[in-house]
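K.L.:
Take this sequence and fold it.
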Amino acid sequence: MTKISKRTNQLSASPIRKFLPDVLTNEKRGIKVFKLNVGDPDITPPKEFLQAIKKFKQKNIGYAPSPGIKEHVKAWVKYYSNFNIKLKPENIIPTVGAGEAILMSMIAVADRGDEIIVFEPLYANFIGFAKIAGVKLIPITLDIKNNFALPKTSEIKKKITKKTKAIIIINPNNPTGTNFSNKEIKNLISIAKQKNLFIISDETYREIVFDTKPNSLLKFSQIKDRLIIIDSASKRFSLPGARIGCLVSLNKNISWALLKLAMIRLSAPTIEQYGLIPLLKNSKAYTKKITTEYQKRGEFVFNALSKMPGVICKKPQGAFYIMAKLPVKNAEDFIKFMLTKFNYKKQTVLLTPASEFYVSKNKGINEVRIAYVLKVSELKPAMQVLARGLEGYLKIKK
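P.N.:
Down below sits the predicted model:
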C-alpha cells in the first residue's frame, strides 16, 4: 500500500478546528454554541479596505511582484514610521498572512535538524511549521501563576546548544494574552547577542495592548542585525480572511534569503495588497477603538473566570486571549462534555484545549484558551453557561 510522508504523519489536527463536527450537530439541534475557540474577530473591519478593492480597475488580476506591490510596501514603511521605526522598502516582504511568514522565517535561519528555542504555551502553528521545516523546537515552559513571564537568563541559556539558531518570541502573546516588558525583551536580546542567535519576533497583535503603548523589537537597535519580524493585518484590522502579512529584516543576507523563498511561492495576493494600503497609512484610527473594546471584553471574562471555584487565570495584558487552568483532570474531555452532554437554556460553549499549544508532552492538560472575540452581551451568557457546565462536570466526575 502506498504510504504518505512521515512529515505529514507527524502533524496534528488543528486544536482550534477539531470540534467542528460537534458544533454542527449542536446547531442542527437548535443549540447555540458560543465560539470562544478561534481568534476570528466579530468586529467589522475598516470600510476603506473594501473601498480600495472596488477601485481596482485593472482588466487582469496578475501576479504581484515577489517583493510586493510598490505602493503596498511603501504603505508598510509608513505604518512603521507611525511608531518611530524607520524602514526601507527592501526591508519588507509581503506574505500570505503570518502563517507563511512563520514558515519562511524558520527556513531562512535554520537547516533540518537545527534547533530553535520557544516559550510555551505558544501559537500552535509554530509547532506544525517546525515539523514541516524539519526544525526542532526546544521549549521553555512558562507558568500561568507567574502570568507566563519569561524565565531567568540562566534557564534560557541552559537550553542553548551548538544546534541552536534562533529564539522565537510572540509579543503580545497568543495564546496567553501576556505582554512582555522591556526588561524581559532586553534580557532576551542580550542572550541572542552573546550566543550569536537570531530572534524571530511575532508581533501580530502589536497594537492590541492594554495600559501600555505598542512595542516592537525593531525599536531596540542592538538587535536589528539579527532580527526577523513576523507581522499580519489579520487581527489589528479584523481581516483574518484577507491573508496578508509581512516579514521585516534589516539583515541583508536574511532579506535576500526571504526574497528567494518569496520568489518560489510567487507572490502574496494582489487584490488584498491594494486593499490594505489605506489601512496601513492610518492604522491608529482603527486600532485604538478595537483595543478599547478588547480590553473591556478581557476584563469581563477575567472577572467572570475569577469567580468560578478552582479556576486559575491572570488578567490579560494584550491580544484577545486568556489562558485559564480549570479544576479538571483533562480540559479536552471537559470541552467534549460541553459539546455533547451539556447545554444550559439551549446554549453551550466551545473553548480550545491548551495542551496543543505546548511542545512538551503532558503540559497544559487542564488548561484552556479563551478567545474573547464576541461582544460583552454575548460573553455574559457564555460565561454563565461555562460556570454551570463546569459545576455540572465536576459533579459527575466526583
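K.L.:
now Met338: how far from Lys307?
P.N.:
Met338 sits 18 Å away from Lys307, taking CB to CB, to the nearest Å as the criterion. Yep, even glycine has a C-beta here, placed from its N, CA and C like the rest.
K.L.:
With only the CA atoms kept, save stretch 244-263 in PDB.
P.N.:
This file holds the C-alpha atoms of stretch 244-263, laid out as PDB (Å, rounded to 0.1, in the frame of the first residue of the first chain):
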ATOM      1  CA  ILE A 244      -2.000  39.500   4.200                       C
ATOM      2  CA  GLY A 245       1.100  39.800   6.400                       C
ATOM      3  CA  CYS A 246       4.800  40.600   6.000                       C
ATOM      4  CA  LEU A 247       8.300  39.800   7.100                       C
ATOM      5  CA  VAL A 248      10.700  42.500   8.200                       C
ATOM      6  CA  SER A 249      14.500  42.300   8.400                       C
ATOM      7  CA  LEU A 250      17.400  44.800   8.300                       C
ATOM      8  CA  ASN A 251      19.900  42.000   7.800                       C
ATOM      9  CA  LYS A 252      20.700  42.000   4.000                       C
ATOM     10  CA  ASN A 253      21.500  38.300   4.000                       C
ATOM     11  CA  ILE A 254      18.300  37.400   5.700                       C
ATOM     12  CA  SER A 255      16.300  39.700   3.400                       C
ATOM     13  CA  TRP A 256      17.800  38.000   0.400                       C
ATOM     14  CA  ALA A 257      17.100  34.500   1.800                       C
ATOM     15  CA  LEU A 258      13.500  35.600   2.400                       C
ATOM     16  CA  LEU A 259      13.100  37.100  -1.000                       C
ATOM     17  CA  LYS A 260      14.300  33.800  -2.600                       C
ATOM     18  CA  LEU A 261      11.600  32.000  -0.700                       C
ATOM     19  CA  ALA A 262       9.100  34.600  -1.800                       C
ATOM     20  CA  MET A 263      10.100  34.100  -5.400                       C
END
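K.L.:
Please shift the residue numbers so they start at 458 in all later answers.
P.N.:
With 458 as the first residue, the last one maps to stretch 701-720.
K.L.:
any idea how the chain splits into domains?
P.N.:
With domains defined by automatic domain parsing, the chain comprises 463-501+743-850, 504-740.
K.L.:
which ones are touching the residue positioned nearest the centre of the chain?
P.N.:
The chain has Asn631 as the residue nearest its centroid, 4.4 Å off, counting by CA atoms, centre = their mean. By CB atoms under 8 Å, 6 or more residues apart in numbering, Asn631 lies in contact with 496, 579-580, 659, 661-662, 776, 778.
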